[in-house]
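Chemist: Return atomic coordinates for the entry below.
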Amino acid sequence: MDLKKSFAERLHNARLMRGLSMQQLCDMMGNIITKQTLSKYEKGVMLPKSGIVIALCDALEINPDYLFNYKSSSPKNIRYGKLQGLSKREEMTIISIIENTIKRTGEIENICGREHSFNSIPAEQPVKTLSDIYQAASILREAWKIGSAAITNVINLLESNGVITAEIDALDSFISQHAILDDTIPVIAINSNMDTENFRFAALKELAHAILYFDESIDNKKKERFCSVFANEMLLPHDVFLSVIGEKRHEIALMELKYLQSEYGISVDALMSKARYLGVVSSNHYSDYCKNLGNADSTKKSEPGSITKEKVTKLESRVYRALASGIITQSKAAALLNMNTVDVVRNFVTV
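Modeler: Predicted coordinates for the structure are as follows:
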C-alpha cells in the first residue's frame, strides 16, 4: 500500500470513528480546507501539507504518526511472568490466547486511530515493606481517580487505564497470568470460570506483578504475598477497613465481613487475610479460621457475594463501533471478535 492510499484510508477511518461528515470536519478546522479538498485526501488523490496535517489531527484527536506510519498488529516484545502448575501444552494455549488478544487489540486500535497507552504510576523506589505496598495502592487509586470508593468493575477500570485483558476458558489448574508488552503495557489473562470475587482479586494481583518494582531482597514467596496485599488494598483500602472493623478485635462477626464483601466486591477470605496483616486479629485466630474453612459448618464463610460477573468489553465495544461507523465489514468484525460466524454480529448491527 502506497503512502497516499494508506493516508487516505486512515484519515477516512478516523473521521468516521468520530461520527463527522466531511463538512463538519472542515468546520472544526476553521474551514482552512474545503470539503472538495478533504475528499481528495480521502480518495488518495493528494497529500496535505504539514500545517493541514496538524489541523486534521487536532480536530480528530489523533497522533500524526497514525496517518503516516504503518504499524503491524502482530505482537512483539512480550515479556511473560512465570506460569506454574501447567503442562507445556496448557502453557502454549494460554500464551497463544494472550498473543491473539494483543494482536486483535492492536488491529482494532490501528483501524480506529487510537494510540495505546497505560496510565501507570512511576516507581520512585523499590518495594521493600508492606507500607510500600499500601502507598503504591493508594497512589494508583488516586491516579485512577477512585479515591477510597469501591471498584464497581475491576475489568472496566483496568481496560479504561490501558491494561489489555483476556478471559480464558480454562481448567482450575489455571488462575491468571500477566505479561508486559513493549516494556510498558500490562497484559492480564484470567480464568473466566472463577467466581467474580476471585476473578477480580486475581486480575489486580497480576497487575501488581506487572507494575511493581521489588527490591532484590524480596524473595518469590514474599513477592506473592505482597502482590496479594496490593490486590486486597486496591479492592478495599486498609483505612476504610479499620474504620468499619476497628483496630483490634478478639472476634469478628461474619455479618460484619459480609457487609464489606457486598459493598466492595471482596471475599470474606480476603477480608480475614486483611484483618491478619493489619494486626486486627491474632495469628492464632487467623490460623483457626483457615483450619475451619474445610469444615461443613464454615463453608458459608467463603461463599461469593452477589456482585455481577465481570467480562472483558473494551475490544468488543471498539469493534462494534467501527462496524456501526461503516469502517469494517461484518466478517471483519467477526474475525476481530474471534467468532466463527457473522450471525452473532448481525444481531448487534444498528438499524
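
Chemist: Show me where the stretch 201-350 of the chain has its helices.
Modeler: 220-235, 238-245, 254-264, 268-277, 283-292, 314-324, 330-336, 343-346 (DSSP state H, counting those that start in this stretch).

Chemist: and residue 90, which of these is closest to it?
Modeler: With Cβ to Cβ as the measure, helix 220-235 is the member of these nearest residue 90 (20.3 Å). All C-beta atoms are positioned from the backbone trio N, CA, C, and that covers glycine.

Chemist: Below-threshold pLDDT in the stretch 251-351 of the chain: ranges please.
Modeler: 293-307, 340-341, 344, 346-351 (pLDDT under 70).

Chemist: Could you list the residues in contact with stretch 148-164?
Modeler: If you take Cβ atoms under 8 Å, 6 or more residues apart in numbering as the criterion, stretch 148-164 is touched by 101-102, 105, 116-120, 141, 144, 146, 165, 181, 185-188, 199-200, 203-204, 207, 234-237, 239-240, 263-265, 310-314.

Chemist: Please indicate which of the residues you listed are buried?
Modeler: 101-102, 105, 118, 120, 141, 144, 165, 181, 185-188, 199-200, 203-204, 207, 234-237, 240, 264-265, 310, 312, 314 (16 or more other Cβ atoms under 10 Å).

Chemist: Neighbours of residue 319, how many?
Modeler: 26 (other Cβ atoms under 10 Å).

Chemist: How about the one 3 residues further on?
Modeler: Per other Cβ under 10 Å, the neighbour tally for residue 322 reads 21.

Chemist: OK, contacts around the residue lying closest to it once chain neighbours are set aside?
Modeler: Using Cβ to Cβ, 6 or more residues apart in numbering and skipping residues adjacent in sequence, the residue nearest residue 322 is residue 328, 4.8 Å away. Contacts for residue 328 were tallied using Cβ under 8 Å, 6+ apart; they are 111, 319, 322, 336.

Chemist: From residue 21, how far out is the first one?
Modeler: Right, the one you point to is residue 111. Using Cβ to Cβ, to the nearest Å, residue 111 is found at 20 Å from residue 21.

Chemist: what's the distance between the residue lying closest to residue 18 once chain neighbours are set aside and residue 66?
Modeler: By the measure of Cβ to Cβ, 6+ apart, the closest residue to residue 18 outside its immediate chain neighbours is residue 60, 5.8 Å from it. When distance is defined by Cβ to Cβ, residue 60 is 9 Å away from residue 66.

Chemist: residues shared between the contacts of the two?
Modeler: Common neighbours of residue 60 and residue 66, counting by Cβ under 8 Å, 6+ apart, are 14, 113.

Chemist: how about the helices of the stretch 1-150 of the chain, start to end?
Modeler: Taking DSSP H, counting those that start in this stretch, the helices of the stretch 1-150 of the chain run over residues 3-17, 22-28, 35-42, 50-60, 64-68, 88-112, 130-143.

Chemist: out of the ones you listed, which comes closest to residue 194?
Modeler: helix 88-112 (14.7 Å).

Chemist: what's the angle from that closest one to helix 3-17?
Modeler: 90 degrees (axes from the mean of the first three to the mean of the last three Cα atoms, to 10 degrees).

Chemist: for the record, mean pLDDT for helix 88-112?
Modeler: Helix 88-112 shows a mean pLDDT of 87.

Chemist: same thing with stretch 237-247?
Modeler: 96.

Chemist: now do stretch 154-168
Modeler: 95.

Chemist: for it, which positions count as buried?
Modeler: By neighbour count on 16+ other Cβ under 10 Å, the buried set for stretch 154-168 is 154-159, 161, 163-168.

Chemist: what's the answer for stretch 203-216, then?
Modeler: In stretch 203-216, counting by 16+ other Cβ under 10 Å, buried: 203-212, 214.

Chemist: can you tell me which residues contact the residue nearest to residue 230 when sequence neighbours are not counted?
Modeler: With sequence-adjacent residues excluded and distances taken as Cβ to Cβ, 6+ apart, residue 230 is closest to residue 208, at 3.8 Å. Neighbouring residues of residue 208 by Cβ under 8 Å, 6+ apart: 226-227, 230-231.

Chemist: Residue 281 now?
Modeler: Residues in contact with residue 281 (Cβ under 8 Å, 6+ apart) are 249-250, 252, 272, 275.

Chemist: Out of those, which end up buried?
Modeler: Buried by 16+ other Cβ under 10 Å: 252, 272, 275, out of the contacts of residue 281.

Chemist: With distance to residue 55 added, can I get these in TSV?
Modeler: As requested, the buried ones among the contacts of residue 281 are arranged in TSV below (distance: Cβ to Cβ, whole Å):
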residue	distance to residue 55
252	62
272	58
275	58
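
Chemist: Okay then, goodbye and thanks.
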